[in-house]
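In: Here is a sequence with its predicted model. Questions after.
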Amino acid sequence: MKSILAACLIVLAALHASPASAESLRCNGYSASEGDSKISVLYKCGQPLLKDNYCAPVYYSQTLQTVPEPFASAYVPCQQVEEWLYERGPGQLTAIVRFRGSVVQSIRYGREPH
């Protein structure tokens, strides 16, 4: 009985200790994921259906407050963000790949862009 209980505790501890899985995008037998470069995503998935880029505001570290003007434009420029939309075919959700600093920051799925 003690060995079964110990085995269950080990399994629960292993499940709890495993890192959260990040989203990935399956394309042409490859998998694009967070941390990949733009060139890597292009190689794996090809050209996106649409591309958009914008300048995201910079936030104070560890807060949700943006850096105020005139400091934001003079001393702390915004950060370029680029989003690529992939239409994955019938019955598949669209995928939006977000890049910050030319590296995949996130991948999200949905029926339509936000």
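Out: Yep, that arrived. Numbering: from 1, shown residues only.
In: residue ranges of the strands in this protein, please?
Out: Using DSSP state E, the strands found in the chain span residues 24-27, 30-33, 50-56, 79-86, 94-100, 103-110.
In: tell me the most buried of the ones you listed?
Out: Ranked by mean neighbour count, those are led by strand 94-100 with a mean of 19 (mean count of other CB atoms under 10 Å). In short, each C-beta sits where N, CA and C put it, glycine included.
In: Distance check, Gln65 against Asp52.
Out: For Gln65, the distance to Asp52 (CB to CB, to the nearest Å) stands at 25 Å.
In: Phe99 too?
Out: 11 Å.
In: shared neighbours of those two, anything?
Out: 82-83 (CB atoms under 8 Å, 6 or more residues apart in numbering).
In: Now for Leu50: which residues touch it?
Out: Leu50 makes contacts with 84-85, as judged by CB under 8 Å, 6+ apart.
In: and if we set it to 6 Å?
Out: Listed by CB atoms under 6 Å, 6 or more residues apart in numbering, the contact partners of Leu50 are Leu85.
In: and Leu49, how many neighbours?
Out: Leu49 is flanked by 11 other residues according to other CB atoms under 10 Å.
In: Read off the pLDDT value for it.
Out: Leu49 carries a pLDDT value of 95.
In: same deal with Val97?
Out: Per-residue pLDDT puts Val97 at 96.
In: who's in contact with it?
Out: Taking CB under 6 Å, 6+ apart, one finds 84, 104, 107 in contact with Val97.
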